[in-house]
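[1] My questions are about this predicted structure, shown below with the sequence.
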Amino acid sequence: MPYTTLLFDLDHTLIDGHASEAAAFDYTLTRAGAQDPSDYLAPYREINSELWAAVERGEITPNDLRSERFAQLIAATDLEADPDTMGDDYVHGMGANGDLYPGTIETLDALADIADLALVTNGIGDVQRARIARLGLDKYFDVIVISGEVGVAKPGPEIFDLTFEALGQPDKGTTLMIGDSLSSDMAGGIAYGIATCWYAAHSTGMTVVPVDHTITELDELLPIVSGA
Ligand SMILES: [Mg+2]
């Protein structure tokens, strides 16, 4: 069997992150008094992606961006609201919304029979814990590592060190990192010396990152992992 340990990303790999982000944003902006939340979506997306890039560079932690993204949105627009309240509302909305992609549970069920599974996610602890519990993901994963809880994030090696330690130091040669992000999941896995599988269902274009496998449906993992 080529792979006995699987490290999974969460957002946009198992969870439909776009749907939960849209619902959480709508909830947060409505409570902040916005007439039309969609007016604020473009500036928010730009601010948010800049801040997550800073997390990947190790300059800030996910906890830092919880309120900061809304402080920057308020500064850049006519919104008059409290950034901490908006940060809390968004965390609540993200935890309460979002579904797994179709077929995710069936695939995790089959994979958990033949491999050890870990969840390794760049995110805020409160958000991810609420979603993991609501979606019943706990039972499939031997180890769950959330960057907001441990203070280090993908693609850096420290979060992989923590994961390997929690898993009991599995063989790097039979470990596979699965995720949608080339900059955090794939680059992080390659730098750590493990195999990588890019989940490209929601991406456009080709990757220049040298991944080992590319899939567009999660159930394509089954033959890759079992070596069938
Ligand atoms: Mg992701």
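    Ah, there it is.

[2] Residue numbers of the chain in contact with the ion?
    Proximity of the chain to the ion, by C-beta under 5 Å from the ion, involves residues Asp9, Asp11, His12, Asp180, Ser181. C-beta coordinates here come from the backbone N, C-alpha and C atoms, glycine included.

[3] Looking at the residues you listed, which one is closest to Leu162?
    Proximity of the residues of the chain next to the ion to Leu162 (C-beta to C-beta) peaks at Asp9, which lies at 15.4 Å.

[4] Next one: Pro102 from Leu221, what distance?
    15 Å (C-beta to C-beta, to the nearest Å).

[5] of the two, who's got more company?
    More crowded of Pro102 and Leu221, by other C-beta atoms under 10 Å: Leu221, with 23 against 10.

[6] Give the full set of residues in contact with that one.
    Leu6, Thr107, Leu111, Ile178, Cys197, Ile215 (C-beta atoms under 8 Å, 6 or more residues apart in numbering).

[7] thinking the fourth one is in contact with Ile194, fair?
    No. The criterion here is C-beta atoms under 8 Å, and Ile178 misses it with Ile194 at 10.7 Å.

[8] Same list (the contacts of Leu221) but as JSON lines, adding pLDDT, neighbour count and secondary structure.
    What follows is these, written out as JSON lines (pLDDT from 0 to 100; neighbours: other C-beta atoms under 10 Å; DSSP: H, G, I helix; E, B strand; the rest coil):
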{"residue": "Leu6", "pLDDT": "98", "neighbour count": "25", "secondary structure": "strand"}
{"residue": "Thr107", "pLDDT": "97", "neighbour count": "19", "secondary structure": "helix"}
{"residue": "Leu111", "pLDDT": "97", "neighbour count": "22", "secondary structure": "helix"}
{"residue": "Ile178", "pLDDT": "98", "neighbour count": "28", "secondary structure": "strand"}
{"residue": "Cys197", "pLDDT": "97", "neighbour count": "26", "secondary structure": "strand"}
{"residue": "Ile215", "pLDDT": "95", "neighbour count": "15", "secondary structure": "strand"}
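
[9] Out of those, which is nearest to the ion?
    Each of these was checked against the ion using C-beta to the ion; the closest is Ile178, at 10.0 Å.

[10] What residue, apart from its backbone neighbours, is nearest the closest one spatially?
    Cys197 (4.6 Å; C-beta to C-beta, 6 or more residues apart in numbering).

[11] What residues are bridge-paired with the one you found?
    Counting by DSSP bridges, Cys197 forms beta bridges with Ile178, His213.

[12] my read: it touches Val211, true?
    Yes. At 6.8 Å, Cys197 and Val211 qualify as touching, with contact defined as C-beta under 8 Å.

[13] average pLDDT for stretch 48-68?
    Stretch 48-68 shows a mean pLDDT of 92.

[14] Put the alpha carbons of that stretch into CSV.
    The C-alpha coordinates for stretch 48-68 follow below in CSV (Å, rounded to 0.1, in the frame of the first residue of the first chain):
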residue,chain,number,x,y,z
ASN,A,48,-8.9,38.9,3.8
SER,A,49,-6.7,37.3,1.2
GLU,A,50,-3.8,39.8,2.0
LEU,A,51,-4.1,38.9,5.7
TRP,A,52,-4.2,35.1,5.0
ALA,A,53,-1.1,35.5,2.8
ALA,A,54,0.6,37.1,5.8
VAL,A,55,-0.4,34.1,7.9
GLU,A,56,1.2,31.8,5.4
ARG,A,57,4.4,33.9,5.6
GLY,A,58,4.3,33.5,9.3
GLU,A,59,4.0,37.2,10.0
ILE,A,60,0.7,37.0,11.8
THR,A,61,-1.5,34.2,13.3
PRO,A,62,-5.1,33.4,12.3
ASN,A,63,-6.2,34.9,15.7
ASP,A,64,-4.7,38.3,14.7
LEU,A,65,-6.8,38.5,11.6
ARG,A,66,-10.1,37.7,13.4
SER,A,67,-10.9,41.4,14.1
GLU,A,68,-8.1,43.0,12.0
